[in-house]
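Visitor: Here is my input, please return the structure:
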Amino acid sequence: MSRLEPDMFDELCPSSFLPVRMDHKWAPLVMRSLEEAPRRFGELRVALHRTSPKELTRALRTLERDGFVSRSTAGRTVTYELTPLGRSLLDPLKTFYQWTADHWDELLDARDPVEV
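Guide: Numbering: from 1, shown residues only. Modelled structure (predicted):
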C-alpha cells in the first residue's frame, strides 16, 4: 500500500477546491430552486422553509462568492439568479440527485443506529 503524502491536497489541488461545499447542505438546494428563474429571498424561503433566514443568507453569500449566483437590486427588490458557471453545475448536481434516489434505502439503512 502506498503512503499518503502531506501535500496530497495542496492549496491548488482540484480536490481541495470542490465547488459543492459539503459543509453547507443548503447550497445545492438553493441552486436547484434558482434553476428555472431568478427568485427573491422570500420566494426561496418558501421552498427552503426548513432552513433559517440566517442559513439561507449564508448559502446565498457563499454561492455568490464562488461565482454560482448573482445578486441584483432594483429599488428595494433583491433577486438572485444562477450565473452561467452556476448553470454549468446543474447537470452534475442532477447526477448526484439521481445517485441519491437510486441508493435511498441503502443511505437510510446506513444512518440507522448501530447496535452494540
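Visitor: which residue ranges form the helices in the protein?
Guide: Applying DSSP state H to the chain gives helices spanning 26-33, 41-47, 53-65, 84-88, 90-102, 104-111.
Visitor: which one of the ones you listed has the most crowded surroundings?
Guide: Ranked by mean neighbour count, the helices of the chain are led by helix 26-33 with a mean of 20 (mean count of other CB atoms under 10 Å). Using the backbone N, CA and C atoms, a C-beta is placed for each residue, glycine as well.
Visitor: Which neighbouring elements make contact with it?
Guide: The contact analysis (3 or more CB pairs under 8 Å, 6 or more residues apart in numbering; DSSP states H and E) places helix 26-33 against helix 41-47, helix 53-65, helix 90-102.
Visitor: So which of the helices of the chain is nearest residue 3?
Guide: Among the helices of the chain, helix 104-111 comes nearest to residue 3, with 29.3 Å by CB to CB.
Visitor: what is the orientation angle of the closest one with helix 90-102?
Guide: On the basis of axes from the mean of the first three to the mean of the last three CA atoms, to 10 degrees, helix 104-111 is oriented at 70 degrees to helix 90-102.
Visitor: got a list of contacts for helix 104-111?
Guide: Contacts to helix 104-111, defined as CB atoms under 8 Å, 6 or more residues apart in numbering, come from residues residue 100.
Visitor: gap between that helix and the chain center?
Guide: Helix 104-111 sits 21 Å away from the centroid of its parent chain (CA atoms, centre = their mean, to the nearest Å).
Visitor: Over to stretch 64-72?
Guide: Centre-to-centre, stretch 64-72 and its host chain are 12 Å apart (CA atoms, centre = their mean).
Visitor: Quick one, which of the helices and strands packed on helix 26-33 gets closest to residue 81.
Guide: Among the helices and strands packed on helix 26-33, helix 53-65 sits nearest to residue 81 (CB to CB), with 10.3 Å.
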